[in-house]
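A.B. asks: sequence first, then the predicted structure, then my questions.
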Amino acid sequence: MDKEQDARDIAPVLARIESEPYYQTVANEVTLFESACRRRLPLLLKGPTGCGKTRFVEYMAWRLRRPLVTVACHDDLTTADLVGRYLIVGSETVWVDGPLAAAVRAGAICYLDEIVEARKDTTVVIHPLADSRRMLAIDKRGELLAAPDEFMLVISYNPGYQSVLKEIKPSTRQRFVALEFDYPAAEVEAGIVAREGGVDGETARRLVKLAELTRNLKGAGLDEGASTRLLVHAAQLIADGVEPAAACTAAVARALSDDPEMTATLDDLVAAVF
Amino acid sequence: MTAETRKLFADELRQRLDELLFASHSHRSSKTLADGLEKLARAQQERVLHWTGVAAQSHAELGYHIAALSPQALSLLDEAGYEAWVLAALDLCDREGSLAAMALLRDVEGFSATREAAPATARLADLEQRLGRFLQGLSGRPLGLAAAAVAHTDTQTVFLPGELAALSTAEENRRLYKATAALLWAQTRYGTFGSAVVDVGALLARWPDRERALRWFAALEAARLEAVLGAELPGLAAEIARLRGPWPPAMEEAARRLGRADAGVADTIAVLDELMAGDAEPPPLPHAGAVDLEAALATRAARMRRETEVVRQALAAMKGVGGRKASGASAPLAGTDASKLEVSAAGEMSELPPDAQAAAQSLMQDLGELPPEALVPAGHIEGPWHPDEDAAAEEEAAAARHAQPLRRYDEWDYRRRAYRRGWCHLFEVPLPPGDAGYVDTVRQRHAAAIQRIRRRFEWLRGEDRLLGRQLEGDDLDLDALVEAAGHRAAGVEPEARLYSRRLRNERSLAVMFMVDMSGSTKGWVNDAEREALVMLCEALETLGDAYAIYGFSGWTRSRCEIYPVKGFGEPYDATVRGRIGAIRARDYTRMGVAIRHLSGLLAEQPARHKLLVTLSDGRPDDHGDEYRGHYGVEDTRRALQEAHERGVRSYCVTIDRHGADYLPRLYGPARYTVIDEAKKLPLKVADIYRRLTS
Ligand SMILES: Nc1ncnc2c1ncn2[C@@H]1O[C@H](COP(=O)(O)OP(=O)(O)O)[C@@H](O)[C@H]1O
Ligand SMILES: [Mg+2]
């Protein structure tokens, strides 16, 4: 039995992004990312959901020719899920790296999406990685892994959440260079929606207008307005032949609220634009 | 004919009416009323009795009026019309008092005539929230919505008629509301009241017949704004066009000329000049709203002054020139070149704090650019400056005269099957500092029980547990591993559950205790509540759950009071213990509003599970009869339901010696327990809590 082979089979795959992802630069984020990377500084991407953070990281990984490891954080994510654990292969125990350890060894970019969703104790393992030590402690193996220069840690976080639990701790935040993301300017966003959703410029422009109207309702009945992602969804439905107002109702209005009064208002806004 | 369907005879009616109207000061006898109702069908009789009872709870005389006028009303109005007539009177009674309401009832002929003329009325009250949010969506800055006889705006508030019946169906009239509201918003957004370069006030002042000029101006602006809206909001513009139908001949030419997306108010004035030279009157346009230039200019000027000041102060703070530079010294960005000024202003704007950015954006909306004075940083700052200082001072003065509630809450009126909007005025009232020694006394008295509680709750406290023999996990389970090796050696299929997993027992629970401080709790019940709180605090301190304690009482809907004992963020310290000691029986028990307010506070908590525990001595009740009985039960039930929808689970602890038959209805959406003797509460309450949360 080839234990090495088996262990390799279950270890996380470090994917390299082969073809250029479409990413529309919005400000100086590309330069800043490259700079942080050269200086081996970890990066925090702040911004509402669906505004292009994940896509940006994919694009940068391609651009810098690094493998990318993405972890979507959730409230059951444990330290072992990130760092690794022992598995039984045949009759023997085999250590298998978690995505974070794998990324460190391979000198990859590790993207921890929505970091505040993870359990509080998991953020502690990233602290030594995120300061000048650049170390990952694998307690179970008694191993202290030094990150190669190519390794880069990127985390994202949505400051729009109202909840106190979902605040990022200052001790974590202060280790990172922060890049603020927001929905792009209207014309830029329309360009993205047209290209990603496969619709004409006028339709994209109207979708962005609709998003703007819903974003005005943030805090007045909505926790957040429509994201670029929702607009892309609506555009894709339209490109597939769904009537625009119906597409917006399904992909935007219903996705934003369950409250009947609020959905009525959102329908009014859809009707105003289409 | 069964008992349910046969008509009621006059003497039966009379008896029921006497029950409903016994408080009436009227000397007229219920006999006449009963005679009037005798000829109606049973279903109609029941309907009349129902609404008579409903109205009598607000005002006995109102009930009398309904009973007396219903035969006539039922002959004139259909079912929906009859209900609308009663509801209109009840609404008016809420707003303007019983005299106005009775006048409305007496004019049942007038009411029916208006309805017949316009069978499809839409009401602002029904649409308010939806329209308000629609406007907020369009404008991005808060725009008030209020009723007024004529639709217009002062740039701060959109005024709309209380009812619209110009079109033939209710749905069309609802759309008309939306169209008119949108056009009025467009007046504030697209320059109707002028800009830095077009002084509309001066231009309109040139016409001696100002009224006629304003009427034309409003009509022409409706045409222009519709076209302007078309560029960004084509769906809305199309709907407006459909609702208004083809332009009347007198407007055709003007509408064609102004029907461009880039037409400005100067274009409207140019067309206006030509029309004013003739003597035609503008045609009536039901969708168009009026222009109240004075109100708009005054309100806008005041807002611009405020906002200019906010921007200046923010710039001053950014530049760090506050208090240092001689007043009036111009800042680097206040150049003389207008275009450069704009460029640098835009650059600066992005760095302003949010409130100043909002002010700057609002100014740009009003003027099309930032006024130069806004770009001169304020020269002189003494201490932290707050833009709302004047407003705050004003508010304080107003509060001294008549206190402003912290919030207003809707209340459910089961008879109308509708909320009474903003009906309850909620105040937060601090408790007087009490004696923290009270808690110590209770602790001593119940020392043994407290010991028990502590031990039990310690065991409950969220601690990690190691789960063995799992299919996957963070660690290997050595026992399972050894066993599997043995099995394998013996040729038996080994067990696959070889891992151990650490289960973090995070309780993630927030609990709110809502304590009845009504007058009926005076004595034993109040003592029991206070002791119960002491026991609970001991339990919860041991557990580490987030908890808060608030008392509630009040006097009618206009004084609903909440007394903070312990907020979620507050430690259980001497201050809090003092407040527990200071809990006293006060006035009445309007429960719904308290549940709404406190479940709102609870809903904001980050914990995964949220629990509202009410401690009370029974039936909701308030001064003036209305909240007593069914109304209060139904509103409380509704409030518990609302809480449930917000993810708050409720548990109601009731101290009630008399078998409480209404409790299942009252606590419908919640779970509850009844404690028959007040003095058992302190010893039981911790156990109740333990059962609830483990
Ligand atoms: N700048 C951008 N360039 C290209 N696509 C974008 C951009 N911003 C948003 N998108 C689109 O929006 C979608 C959601 O973005 P994503 O990166 O998943 O958001 P986030 O990670 O911020 O939640 C993407 O799939 C993409 O279609
Ligand atoms: Mg994402």
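C.D. replies: Nice, I can see it. Numbering: from 1, shown residues only, chains lettered A, B, ... in the order given. Ligands and ions are numbered 1, 2, ... in the order given.

A.B. asks: centre-most residue in chain B?
C.D. replies: B:Tyr409 (5.8 Å; C-alpha atoms, centre = their mean).

A.B. asks: my read is that that residue contacts B:Ala594, right?
C.D. replies: No - applying C-beta atoms under 8 Å, one finds B:Tyr409 not in contact with B:Ala594, separated by 9.3 Å. Just so you know, the C-beta spots here come from the backbone N, C-alpha and C atoms, and that holds for glycine as well.

A.B. asks: report the secondary structure state of the residue nearest to the centre of chain B.
C.D. replies: Under DSSP: H, G, I helix; E, B strand; the rest coil, the three-state class of B:Tyr409 is strand.

A.B. asks: run through the bridge partners of it.
C.D. replies: B:Cys424 (DSSP bridges).

A.B. asks: and after the lowest-mean-pLDDT helix or strand in chain A, which helix or strand comes next?
C.D. replies: Lowest on mean pLDDT, DSSP states H and E among the helices and strands of chain A sits helix A:3-10, with a mean of 61. Counting by DSSP states H and E, the element after helix A:3-10 in chain order, helix or strand, is strand A:15-16.

A.B. asks: that next one pairs with which strands, and in what direction?
C.D. replies: Strand A:15-16 is paired, per DSSP bridges, with strand A:67-72 (antiparallel).

A.B. asks: do the helix or strand just after the partner strand and chain B come into contact?
C.D. replies: Counting by DSSP H and E, the next helix or strand C-terminal to strand A:67-72 is helix A:79-83. Yes - against chain B, helix A:79-83 shows contacts by C-beta under 8 Å from any C-beta of the partner chain at A:Thr79, A:Ala80.

A.B. asks: show residues contacting helix A:79-83.
C.D. replies: If you take C-beta atoms under 8 Å, 6 or more residues apart in numbering or on different chains as the criterion, helix A:79-83 is touched by A:71, A:97-101, A:121-122, A:124-126, A:136, A:138, A:140, B:473-475.

A.B. asks: residue 253: how many residues sit nearby?
C.D. replies: Went with chain A since none was named. Other residues within reach of A:Ala253 by the criterion other C-beta atoms under 10 Å in any protein chain shown amount to 24.

A.B. asks: let me rephrase: I mean chain B.
C.D. replies: 13.

A.B. asks: and B:Gln15, by the same measure?
C.D. replies: 12.

A.B. asks: what about the helices in the stretch 151-274 of chain A?
C.D. replies: Secondary structure of the stretch 151-274 of chain A (DSSP state H, counting those that start in this stretch): helices located at A:170-173, A:186-197, A:201-215, A:228-239, A:244-248, A:254-256, A:260-273.

A.B. asks: adding distance to B:Ala374, write the ones you listed out as a markdown table.
C.D. replies: Formatted as a markdown table, the helices of the stretch 151-274 of chain A follow (distance: least, C-beta to C-beta, whole Å):
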| stretch | distance to B:Ala374 |
| --- | --- |
| helix A:170-173 | 34 |
| helix A:186-197 | 25 |
| helix A:201-215 | 25 |
| helix A:228-239 | 33 |
| helix A:244-248 | 38 |
| helix A:254-256 | 35 |
| helix A:260-273 | 31 |
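
A.B. asks: which one of these lies nearest to B:Glu570?
C.D. replies: Of all these, helix A:170-173 sits nearest to B:Glu570, with 22.6 Å by C-beta to C-beta.

A.B. asks: model confidence over that closest one, on average?
C.D. replies: Taken as a whole, helix A:170-173 has a mean pLDDT of 83.

A.B. asks: where do the strands of the stretch 1-150 of chain A begin and end?
C.D. replies: Residue ranges of the strands in the stretch 1-150 of chain A, as given by DSSP state E, counting those that start in this stretch, are A:15-16, A:43-46, A:67-72, A:84-89, A:92-97, A:109-113, A:135-138, A:143-146.

A.B. asks: helices or strands next to the fifth one in the packing?
C.D. replies: When you say that, I think you mean strand A:92-97. If you count contacts as 3 or more C-beta pairs under 8 Å, 6 or more residues apart in numbering or on different chains; DSSP states H and E, strand A:92-97 packs onto helix A:3-10, strand A:84-89.

A.B. asks: JSON lines for the helices of the stretch 151-274 of chain A, including mean neighbour count and distance to B:Leu543?
C.D. replies: Putting the helices of the stretch 151-274 of chain A into JSON lines (neighbours: other C-beta atoms under 10 Å in any protein chain shown; distance: least, C-beta to C-beta, whole Å) gives the following:
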{"stretch": "helix A:170-173", "mean neighbour count": "13", "distance to B:Leu543": "27"}
{"stretch": "helix A:186-197", "mean neighbour count": "19", "distance to B:Leu543": "48"}
{"stretch": "helix A:201-215", "mean neighbour count": "22", "distance to B:Leu543": "41"}
{"stretch": "helix A:228-239", "mean neighbour count": "23", "distance to B:Leu543": "41"}
{"stretch": "helix A:244-248", "mean neighbour count": "22", "distance to B:Leu543": "48"}
{"stretch": "helix A:254-256", "mean neighbour count": "17", "distance to B:Leu543": "37"}
{"stretch": "helix A:260-273", "mean neighbour count": "20", "distance to B:Leu543": "37"}
